[in-house]
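Participant: got a sequence here, can you model it:
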Amino acid sequence: MESINKKVIFMALIMALITSALVYVYIKRVTTKPEIIEYVNVYVAAKTLPPKHKIINEDIKMVKVTREYLNTRAVLNSADVVGKYLKDSVIEGEQILKDRIVDENKLTLVYNVPEGKRAVSINVNEQIEVANLLKPGDFVDVLASFDKEEVDDKDSKTIYPRITKTIIQNVKVLALGQDQYVADDKAKELPKTVTLAVDPADAEKLVYASEFSVLRLSLRGVGDNRMIDTPGAIRSDIVNEKGVKIISK
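Facilitator: Prediction:
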């Protein structure tokens, strides 16, 4: 009889422990707040993008990632990436990091050369460089003054008169010296060169004229992109006096 009572007591203790454990698990479950997963919108590459690529809207897409998978240097605003250049390539689906974007104040000249253009530098002085009033981003025409030249052929001679001619029009100034952005403290410093954005054919003209003529730059007004065909100017266009012809015996 005593043995049966001990068994009953033992079983009652076991059941009490099990009941207590179940009650504990239930209470904990109903009182514990569910874990909240936080999502963040981030911009990733819609396709693999090469180095030095200028990003457009179609190059990126917004995706949601959990906070734990968000890179702390990731771009969260499209305005911080569209229109900017990449330092390195970005693979499709990769978060675009701020470290991959070229700082606008540190853009090298290659990023500022317009598509289809070439950057060509010419030596300048204050007279050529419009009294040192040019700034990067201005547009200019290039004038060349050639001396008289006589070219002897086998049976004839070709004479090219002295002439001043506008050889290139409406070209962008990319840099003054090595400066693509001229700070106020450098505004009065005369650069040794001016770099212009010209197409390949005009690049040849510019290099030829810089070697065999005297160059001048003429500054265009804001918004003036007219192209005017001019015949060039020779002495008789400017003065009416004619030279005295001497016939040698």
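Participant: can you list the domains in this protein?
Facilitator: Taking automatic domain parsing as the reference, the chain has its domains at 39-106, 111-238.
Participant: just put these in CSV and tack on mean pLDDT.
Facilitator: Shown next, in CSV, are those (pLDDT from 0 to 100):
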stretch, mean pLDDT
domain 39-106, 88
domain 111-238, 87
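Participant: including distance to M15 and mean neighbour count, could those domains go into CSV?
Facilitator: The C-beta positions use only the backbone N, C-alpha and C, and glycine is treated the same way. Shown next, in CSV, are the domains of the chain (distance: least, C-beta to C-beta, whole Å; neighbours: other C-beta atoms under 10 Å):
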stretch, distance to M15, mean neighbour count
domain 39-106, 43, 14
domain 111-238, 78, 14
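Participant: now distance to S20 too, for these, in CSV please.
Facilitator: Shown next, in CSV, are those (distance: least, C-beta to C-beta, whole Å):
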stretch, distance to S20
domain 39-106, 37
domain 111-238, 72
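Participant: out of the ones you listed, nearest to T19?
Facilitator: domain 39-106 (39.0 Å; C-beta to C-beta).
Participant: measure the closest one end to end?
Facilitator: Distance between the two ends of domain 39-106: 34 Å, counting by C-alpha to C-alpha, to the nearest Å.
Participant: mind checking how far it is from the chain centre?
Facilitator: 16 Å (C-alpha atoms, centre = their mean, to the nearest Å).
Participant: which other helices and strands contact the longest strand along the chain?
Facilitator: Longest among the strand segments of the chain by residue count, using DSSP state E, is strand 163-176. On a contact count with 3 or more C-beta pairs under 8 Å, 6 or more residues apart in numbering; DSSP states H and E, strand 163-176 meets helix 109-112, strand 118-123, strand 139-146, strand 193-198, helix 200-212.
Participant: rebuild these as JSON lines, extending it with distance to N57.
Facilitator: As requested, those are exported to JSON lines (distance: least, C-beta to C-beta, whole Å):
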{"stretch": "helix 109-112", "distance to N57": "19"}
{"stretch": "strand 118-123", "distance to N57": "28"}
{"stretch": "strand 139-146", "distance to N57": "28"}
{"stretch": "strand 193-198", "distance to N57": "26"}
{"stretch": "helix 200-212", "distance to N57": "31"}
